[in-house]
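Visitor: Just to be clear, the model below is a prediction. Sequence and coordinates:
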Amino acid sequence: MSMVLSQEDLTFWEENGFVVVQNAVPDEHLEAAVNAIWDFLDADAHKPEDWYKHKPRTENRNDSPISHTGMVEIYQHQALWENRQYPKVHQAFSDIWETDRLWVSLDRANMKPPTHPDKPEWDNRGMIHWDVDTSKTPIAFGVQGVLYLTDTADNQGGFQCIPGFHKQFQNWAQTQPTKRNFHSPDLTGLTVQSIAGKAGDLLIWHRLLPHGNGYNRSKKPRLAQYITMFPAREENLAVLPPLLQDSLHQRIQAWQERRPTSGWPGDPREWEHKHGTTAELTSLGKKLLGTESW
Ligand SMILES: O=C(O)CCC(=O)C(=O)O
C-alpha cells in the first residue's frame with residue numbers, strides 16, 4: 001500500500017507531535033464499533049439516561065465497566081479488531097515507524113457522557129498526563145493513537161494535548177523541580193488544546209505530548225477507540241527474555257479468551273469473555289497480533 005501520510009502531514013507531525021488521518025476506516029466500521037460500545041454498556045444510545053447507567057469506576061472500587069474519564073473496558077470485540085486490522089490504519093502507523101512490521105495494542109474504547117447537574121459523579125473536567133515515566137530519560141520513541149468514532153466538537157470531552165511539547169520537553173524539564181510529577185506536568189505556562197475531529201479521524205500522537213481527554217460540556221457523548229502500533233517483537237522469539245515471550249503468549253490468550261492483557265482494569269462483569277466470540281482475524285490482523293510472522 002502506498003503511503004497514507006503526505007509530506008505535509010509528516011511536516012505537521014514533526015512540528016506538532018500529532019497528525020490526523022481522515023477517513024481512516026469505512027463508515028460501517030465506525031457504526032459497528034459504536035454499537036459494540038453501547039451493547040457492551042447495555043445502554044441505548046438514544047436514551048440520555050442510559051449514558052449514565054453505570055456508576056463510574058474509581059481507583060478504590062473496580063466494580064464498573066466504565067471510568068469517570070469514559071474509559072470503557074472493552075478490548076476484543078470483532079468491531080474493534082476490524083479497525084485494528086484495517087490496512088489504512090496499519091499503513092498510517094507504518095509511515096511513522098518507517099516499517100510495516102508492527103504489532104497492534106490491545107486497547108480499549110471511550111464513551112464520555114456530557115456533564116449533567118444530576119450526575120455529579122460524571123462531572124469529569126478532563127485530564128492531562130503521560131503514559132510513560134518521564135523521569136527515565138532518554139525516553140524511547142513511541143506513539144499512541146485514537147480513532148474518533150463520531151464527530152467530536154472541541155467542547156465534547158475529546159482528545160486534548162499540548163501541541164509541539166515533544167520538542168520542548170528536554171528544555172522544559174530542566175526548568176522543573178527535580179521532584180516534579182513524572183506522569184503529569186505542571187501546566188503553568190503551557191496551553192492545552194482540544195482537538196475537534198470528524199468520525200473516522202485517526203489521531204496519532206508522540207507519547208511525549210502531555211495528553212488526555214477534556215470536559216464534555218456538549219449535549220452528546222464522546223465515543224472513541226484507542227489504537228496504537230509498535231515494532232513487532234517477534235525476532236528470534238525463542239531467544240527473547242521470558243517477559244517478552246510471555247507478552248506474546250498473553251496477547252494471544254487475551255484475544256482468544258476475550259479478555260484484557262495484564263495491567264488493564266478489566267470488566268468486572270466479564271461481558272466479552274462470557275458473551276462474545278473470538279474475533280476473526282485477517283492475515284494482516286494475525287501479523288498485528290503476533291500469531292503470524294511478518
Ligand atoms: O481519551 C483520549 O483521547 C485520551 C486518551 C488517553 O489519555 C490515553 O490513552 O492515555
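Guide: It's in.
Visitor: Could I get the phi/psi values of Phe12?
Guide: Phi and psi for Phe12, reported as degrees, to the nearest 10, are phi -60, psi -40.
Visitor: so the spatially closest residue to it that is not a sequence neighbour bridges to which residues?
Guide: Residue nearest to Phe12 in three dimensions, not counting chain neighbours: Val19, with 5.7 Å by C-beta to C-beta, 6 or more residues apart in numbering. C-beta coordinates here come from the backbone N, C-alpha and C atoms, glycine included. Taking DSSP bridges as the rule, Val19 bridges to Ile204.
Visitor: The worst-scoring helix or strand of the chain on mean pLDDT: what's the following helix or strand?
Guide: When the helices and strands of the chain are scored by mean pLDDT, DSSP states H and E, helix 242-257 comes last with a mean of 82. As assigned by DSSP states H and E, the chain's next helix or strand after helix 242-257 is helix 271-275.
Visitor: and the helix or strand following that following helix, what does it pack onto?
Guide: Next helix or strand after helix 271-275 toward the C-terminus (DSSP H and E): helix 283-289. Applying 3 or more C-beta pairs under 8 Å, 6 or more residues apart in numbering; DSSP states H and E, we find helix 283-289 packed against helix 78-84, helix 87-97, strand 102-104, helix 242-257.
Visitor: Surely Thr152 is in contact with Gly200?
Guide: No - assessed by C-beta atoms under 8 Å, Thr152 is found out of contact with Gly200, at 11.0 Å.
Visitor: who has more neighbours, these two?
Guide: Thr152 (29 against 20; other C-beta atoms under 10 Å).
Visitor: what's the nearest residue to the more buried one if we skip its chain neighbours?
Guide: Per C-beta to C-beta, 6+ apart, closest to Thr152 is Gly158, 4.0 Å.
Visitor: can you pull the pLDDT of the one you found?
Guide: pLDDT, Gly158: 98.
Visitor: Go ahead and confirm it touches Lys198.
Guide: No - if you go by C-beta under 8 Å, Gly158 and Lys198 don't touch, sitting 11.2 Å apart.
Visitor: Show me which of these two is the more surrounded one.
Guide: Gly158 (29 against 12).
Visitor: Can you give me every residue that contacts the more buried one?
Guide: Neighbouring residues of Gly158 by C-beta atoms under 8 Å, 6 or more residues apart in numbering: Lys112, Tyr148, Thr152, Ser194, Ile195, Ala196, Gly197, Asn213, Gly214, Arg222, Ala224.
Visitor: Tell me the spacing between it and Lys47.
Guide: 22 Å (C-beta to C-beta, to the nearest Å).
Visitor: near the ligand, which residues of this structure?
Guide: Residues of the chain lying close to the ligand by C-beta under 6 Å from any ligand atom are Asn110, Asp131, Gln144, Val146, Phe159, His211, Gly212, Asn213, Ala224, Tyr226.
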